[in-house]
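Enquirer: take this sequence and fold it.
(chains A, B, C and D)
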Protein chains: 2
Amino acid sequence: MWTLSTSTGSGYHHGDLRAALLDSALALLDTEGPGELSLRAVARHAGVSPNAPYRHYRDKEALLAALAARGFTELGERLAAVAPGDAPDAEVIAMACAAVDYALDHPGVYRLMFGQACSSHPDTIAASDAAIAIVAERIAAIAEPERREPLRIGIWALVHGLSTLLLDERLGTPTRAEADALVETVVRTMLGTGPDVSAPGRWGAP
Amino acid sequence: MWTLSTSTGSGYHHGDLRAALLDSALALLDTEGPGELSLRAVARHAGVSPNAPYRHYRDKEALLAALAARGFTELGERLAAVAPGDAPDAEVIAMACAAVDYALDHPGVYRLMFGQACSSHPDTIAASDAAIAIVAERIAAIAEPERREPLRIGIWALVHGLSTLLLDERLGTPTRAEADALVETVVRTMLGTGPDVSAPGRWGAP
DNA sequence: GCATCGATGTGTACGATGCCCACATTGAAG
DNA sequence: CTTCAATGTGGGCATCGTACACATCGATGC
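Expert: Got it, this is the predicted structure:
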């Protein structure tokens, strides 16, 4: 009894509560937002007592940080999976779309990853750095040295900002394809690599 | 007695609790982060009972939304105050720096403004739209029509992303001047208007 | 086989919070 | 001076995070 979730253990002991708690938290996060997520609710969803989580995570923040870290890892995998295209523009845009798609797929986790609930936790920071490193690697293979750092920061910031705007529905409620198209347009425009590269200057005619 | 904060009223009645609560919340926000901010603590700081705020704000979210709205208004004023420079680049960079400076000046309020605690509240959205409109206006005066929308979205997203990264100290702990310089570099690089506009291509030599 | 022990889960408890209710106080209008 | 609506107070409830003591179990040594 009591097993609402995946319990490999038998009755009293759960088997792998550590992971099960993350799964439960994930399930609840994508339903409601973080901040509304209570540790007790996670425990309930996992079918254990309110205090069981404390055997695996120091406190609520640690659990959230673990979840955020998992999120950064998955985001990193998606980023690493974009084909090293021939055109630098296409590669950057593909990575931007991958990140935005991840945010749209997991709004709760994404907000957690970039929210303030666990942003200062070492686990979150480490996982975040790993994901950024993947972007930095790609940028380094594309851009000349002096531009690498600003581009890395700028692209990361731009993509995060776009994801936030989309999640908060501040850019309407586009479909996935529409969102990707929007991301492409914005990235191209910002980087000055518009559809017609021979556009009349950066800002337009005077 | 009981008057820890600006109380224009006499004893029982406060005078202007509505505004005083915002001030108290602001003071507490810049100390601790939002999410840690409790309505009761705000009431305590204002020197009233825990339930007094409910006479002026429907619930906690409404108070936070009012504070966020005030933040967007001030941010908008700063944005509107940047001199309509001769060079479009300089103007955009000045606005970007103004926004980032605001974030650094009021970390708590900034996180509130873009956090999920009250992002869906109508007051927050209205004030946010007003601030964005100011940016849109400037962009419209600078860029050609087809690029206005992507530029507005992209610049807003980029600046917000930069602010977030800076607030979370993910870009080190620069001084104000260093932060502004960083913003300028990143914006210039992203927009392709580097110090030497005749740089060898967007990404560098192949 | 069986006792033992560390790891893991439970139960109880405390302070704090958001918010609902009924009540108290007040300044201003009649 | 009375009355009333606006405003602030106090008590109460469900929930939360988490500290403490206790219960239960699987592996380990004999």
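Enquirer: which regions of chain A sit below the pLDDT cut-off?
Expert: Scanning chain A with the threshold set as pLDDT under 70 gives A:1-10, A:194-206.
Enquirer: can you pull out the helices in it?
Expert: Using DSSP state H, the helices found in chain A span residues A:17-29, A:39-46, A:60-81, A:88-105, A:107-114, A:122-142, A:145-167, A:176-191.
Enquirer: do the first one and DNA strand D meet?
Expert: It refers to helix A:17-29. No - against DNA strand D, helix A:17-29 shows no contacts by CB under 7 Å from any atom of the strand, the least distance being 10.1 Å. Bear in mind the C-beta positions are built from the backbone N, C-alpha and C, glycine included.
Enquirer: other residues contacting that helix?
Expert: Here helix A:17-29 makes contact (CB atoms under 8 Å, 6 or more residues apart in numbering or on different chains) with A:5-7, A:14, A:37, A:41-43, A:45-46, A:48, A:52-53, A:55-57, A:63-64, A:66-67, A:70, A:106, A:108-109, A:112.
Enquirer: that helix and DNA strand C in contact?
Expert: Yes - judged by CB under 7 Å from any atom of the strand, helix A:17-29 comes into contact with DNA strand C through residue A:17.
Enquirer: that helix: which residues count as buried?
Expert: Within helix A:17-29, the residues that count as buried by 16 or more other CB atoms under 10 Å in any protein chain shown are A:17, A:19-26, A:28-29.
Enquirer: contacts only, for residue A:168.
Expert: Going by CB under 8 Å, 6+ apart, residue A:168 touches B:116, B:119-120.
Enquirer: pipe those residues into a markdown table and attach distance to residue A:142 and neighbour count per row.
Expert: Putting the contacts of residue A:168 into a markdown table (distance: CB to CB, whole Å; neighbours: other CB atoms under 10 Å in any protein chain shown) gives the following:
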| residue | distance to residue A:142 | neighbour count |
| --- | --- | --- |
| B:116 | 34 | 22 |
| B:119 | 34 | 22 |
| B:120 | 38 | 13 |
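Enquirer: what subset of these is also close to chain A?
Expert: Among the contacts of residue A:168, proximity to chain A is found for B:116, B:119-120 (CB under 8 Å from any CB of the partner chain).
Enquirer: overlap between those residues and the residues near DNA strand C?
Expert: When CB under 7 Å from any atom of the strand is taken as the criterion, no member of those contacts DNA strand C.
Enquirer: pick the one among these closest to residue B:136.
Expert: Proximity of these to residue B:136, judged by CB to CB, is greatest for residue B:119, which lies at 19.7 Å.
Enquirer: just the buried residues of the contacts of helix A:17-29.
Expert: Buried members of the contacts of helix A:17-29, counted by 16+ other CB under 10 Å: A:5, A:7, A:14, A:37, A:41-43, A:45-46, A:48, A:52-53, A:56-57, A:63-64, A:66-67, A:70, A:106, A:108-109, A:112.
Enquirer: and DNA strand D, which of those residues reach it?
Expert: Of these, the ones that also sit near DNA strand D (CB under 7 Å from any atom of the strand) are A:37, A:41.
Enquirer: burial of residue A:129, as a residue count?
Expert: 12 (other CB atoms under 10 Å in any protein chain shown).
Enquirer: and it, how far from DNA strand D?
Expert: Residue A:129 sits 25 Å away from DNA strand D, taking CB to the nearest atom of the strand, to the nearest Å as the criterion.
Enquirer: how near is that residue to chain B?
Expert: Going from residue A:129 to chain B by CB to the nearest CB, to the nearest Å gives 9 Å.
Enquirer: report the separation between that residue and residue A:72.
Expert: Counting by CB to CB, to the nearest Å, the separation of residue A:129 from residue A:72 is 9 Å.
Enquirer: now swap in residue A:183 and tell me
Expert: Taking CB to CB, one finds residue A:183 at 20 Å from residue A:72.
Enquirer: show me which of the two is the more surrounded one.
Expert: Shown here are residue A:183 and residue A:72; by other CB under 10 Å, residue A:183 has more neighbours (27 against 24).
Enquirer: right, and that one touches residue A:100 too?
Expert: Yes - using CB atoms under 8 Å, residue A:183 is in contact with residue A:100, at 5.2 Å.
Enquirer: between those two, what contacts are shared?
Expert: With CB under 8 Å, 6+ apart as the test, residue A:183 and residue A:100 both reach A:159, A:162.
Enquirer: any part of stretch A:33-44 near chain B?
Expert: Yes - Stretch A:33-44 lies within reach of chain B by CB under 8 Å from any CB, at A:33-35.
Enquirer: need the distance between the two termini of that stretch.
Expert: End-to-end distance of stretch A:33-44 (CA to CA, to the nearest Å): 17 Å.
Enquirer: neighbouring contacts of it?
Expert: Stretch A:33-44 is contacted by residues A:21, A:24-25, A:28-29, A:49-53, A:60, A:63-64, A:107-108, A:111-112, A:115, A:117, B:35, B:116-117 when judged by CB under 8 Å, 6+ apart.
Enquirer: how about a cut-off of 6 Å?
Expert: With contact meaning CB atoms under 6 Å, 6 or more residues apart in numbering or on different chains, stretch A:33-44 is reached by A:21, A:24-25, A:28-29, A:50, A:52-53, A:60, A:111-112, A:117, B:116.
Enquirer: need these in JSON lines (columns: distance to residue B:188).
Expert: JSON lines is the format used below for these (distance: CB to CB, whole Å):
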{"residue": "A:21", "distance to residue B:188": "46"}
{"residue": "A:24", "distance to residue B:188": "46"}
{"residue": "A:25", "distance to residue B:188": "41"}
{"residue": "A:28", "distance to residue B:188": "43"}
{"residue": "A:29", "distance to residue B:188": "38"}
{"residue": "A:50", "distance to residue B:188": "53"}
{"residue": "A:52", "distance to residue B:188": "53"}
{"residue": "A:53", "distance to residue B:188": "47"}
{"residue": "A:60", "distance to residue B:188": "42"}
{"residue": "A:111", "distance to residue B:188": "30"}
{"residue": "A:112", "distance to residue B:188": "32"}
{"residue": "A:117", "distance to residue B:188": "34"}
{"residue": "B:116", "distance to residue B:188": "32"}
